[in-house]
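S.K.: Got a sequence here, can you build the structure:
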Amino acid sequence: MLQLNVKNETSRLRAVVLGSAVHNGPTPSLEEAYDPKSLEHIKAGTYPIEKDMTAEMDAFNAVFQKYDVTVYRPELIENYNQIFARDIGFVIDDVFIKSNILPDRERELDAIQYVIDQIDPLKVVRPPEEVHIEGGDVMLWNDHIFIGTYKGSDYKDYITARTNMHGVNFIKELFPNKIVKEFDLVKSKLEARDNALHLDCCFQPVGKDKGIIYKRGFREEADYLYLVNL
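M.R.: Have a look, this model is predicted:
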């Protein structure tokens, strides 16, 4: 049995699921780009190739091994992007939450089923269908859970909007003793600098009392100031 225990982003890491770049598939066409950053690189001819991505993931894995972290890798799916393992599922305290992700990515969850099978089934949660939530939008900081969302009425028009307010409220109900704070993120389909795909793209806690923040990723300055004051 895997004993889950995740309270924040910076405590000592014991075990982790690390994505894979093997058989990542060909560079997408412009029409297939899911987000403006990918679009920018496809246009410029700088979209990363499998060989380079695999080398980076191997180097990352070597760091984990150096520090005695148990590393789980997803089972291989041919011609498929399996790099972003945090998006498809995430842990809060001792609960593993399966993300309701883009339907195209459902197979990524199947590829880590062997890990999920090692968790107490009572501690594995699948939100109802109307709940959209991706792990990259969920950031833990002890008593706090920070969640990136998009509150625009045109939510459904943005494939870059991955976590909705149903997702925020679902987490609030699941963890009534936590301070759950949502952040309204800037979204764009075309301009990479005006798109915060996930909360973890514009905010990262560092150590115990510092953070890296990209101010323009937040639609409301008050949300940015909330983090600064904290």
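S.K.: Surely Ala111 and Arg73 touch.
M.R.: No - under the contact definition of Cβ atoms under 8 Å, Ala111 does not touch Arg73, with a separation of 9.0 Å. Glycine gets a C-beta too; all of them are placed from N, C-alpha and C.
S.K.: so what secondary structure elements neighbour the longest helix anywhere in the chain?
M.R.: With DSSP state H setting the assignment, residue counts place helix 50-66 as the longest helix in the chain. Helices and strands in packing contact with helix 50-66 are listed as strand 70-72; criterion 3 or more Cβ pairs under 8 Å, 6 or more residues apart in numbering; DSSP states H and E.
S.K.: Can you list the neighbours in contact with the strand it packs on?
M.R.: For strand 70-72, the external contacting residues (Cβ atoms under 8 Å, 6 or more residues apart in numbering) are 14-18, 61, 64-65, 112, 115.
S.K.: quick one on the thing from earlier: list the buried residues in the longest helix of the chain.
M.R.: Counting neighbours by 16 or more other Cβ atoms under 10 Å, one finds that the buried residues in helix 50-66 are 53-54, 57, 61.
S.K.: would you list those residues in CSV and tack on pLDDT?
M.R.: Output for the buried residues of helix 50-66, formatted as CSV (pLDDT from 0 to 100):
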residue, pLDDT
Met53, 95
Thr54, 97
Met57, 97
Asn61, 98
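S.K.: now, which of those residues sits nearest Asn195?
M.R.: Using Cβ to Cβ, Met53 is the member of the buried residues of helix 50-66 that sits closest to Asn195, with 21.3 Å.
S.K.: Stretch 104-117 spans what distance, first to last residue?
M.R.: The distance separating the two terminal residues of stretch 104-117, taken as Cα to Cα, to the nearest Å, comes to 22 Å.
S.K.: So which residues of the protein form strands?
M.R.: Listed in chain order, the strands found in the chain under DSSP state E are 15-17, 70-72, 89-92, 95-98, 124-125, 138-141, 144-149, 179-184, 203-206, 210-213.
S.K.: List the contacts of Trp141.
M.R.: Listed by Cβ under 8 Å, 6+ apart, the contact set of Trp141 reads 8-9, 205.
S.K.: Grab the most central residue of this protein for me.
M.R.: The structure's the chain has its C-alpha centroid closest to Gly136; by Cα atoms, centre = their mean the separation is 2.0 Å.
S.K.: For that residue, which non-adjacent residue is closest in space?
M.R.: When the adjacent residues along the chain are set aside, Gly136 lies closest to His198, with 3.1 Å between them (Cβ to Cβ, 6 or more residues apart in numbering).
S.K.: That neighbour against Asp137, yeah?
M.R.: Yes - taking Cβ under 8 Å as the definition, His198 is a contact partner of Asp137 at 4.9 Å.
S.K.: Now do the shared contacts for those two.
M.R.: By Cβ under 8 Å, 6+ apart, His198 and Asp137 have these common neighbours: 148, 162-163.
S.K.: just to revisit the earlier point, and which of the buried residues of helix 50-66 is nearest to Lys181?
M.R.: The shortest distance between Lys181 and any of those, using Cβ to Cβ, involves Met57 and amounts to 31.9 Å.
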